[in-house]
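J.: Here is my input, please return the structure:
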Amino acid sequence: MGMNKNTVLGWGTFIMVLMGLLLIGLGIFRYSEVSGWGFAAVGVGFLANAWVFNALKGRV
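T.: Residues are numbered from 1 along each chain as shown. Alright, predicted model coming up:
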């Protein structure tokens, strides 16, 4: 039994949420100077893409 489209989108959403939170955490705790803003901004972008992936489940 293989994975269908919704399962793939679900896993993609899960991985992107984890990466987004990891990047935001790096921006906050590891890089406190200007580069931290970049890490946090990319993390927010990952969360936005995960939101779109989650909205696409069941529609593709």
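J.: what mean pLDDT does stretch 33-50 have?
T.: Mean pLDDT, stretch 33-50: 91.
J.: in which helix or strand would I find the residue most central in space within the chain?
T.: Nearest to the mean C-alpha position of the chain, by CA atoms, centre = their mean, lies residue 16 at 2.7 Å. Taking DSSP states H and E as the definition, one finds residue 16 inside helix 5-25.
J.: contacting residues around residue 54?
T.: For residue 54, the contact set (CB atoms under 8 Å, 6 or more residues apart in numbering) comprises 9, 13. Placement of C-beta: from N, CA and C, glycine included.
J.: wait, isn't residue 31 in contact with residue 39?
T.: Yes. With contact defined as CB atoms under 8 Å, residue 31 counts as touching residue 39 (5.9 Å).
J.: Okay, buried residues for the helix or strand containing residue 48 please.
T.: Element membership of residue 48 [criterion: DSSP H and E] is helix 34-56. In terms of neighbour count (16 or more other CB atoms under 10 Å), helix 34-56 has its buried residues at 36, 39, 40, 43, 46, 49, 50, 53, 54.
J.: out of those, who's nearest residue 12?
T.: Set against residue 12, the nearest of those by CB to CB is residue 53 (5.1 Å).
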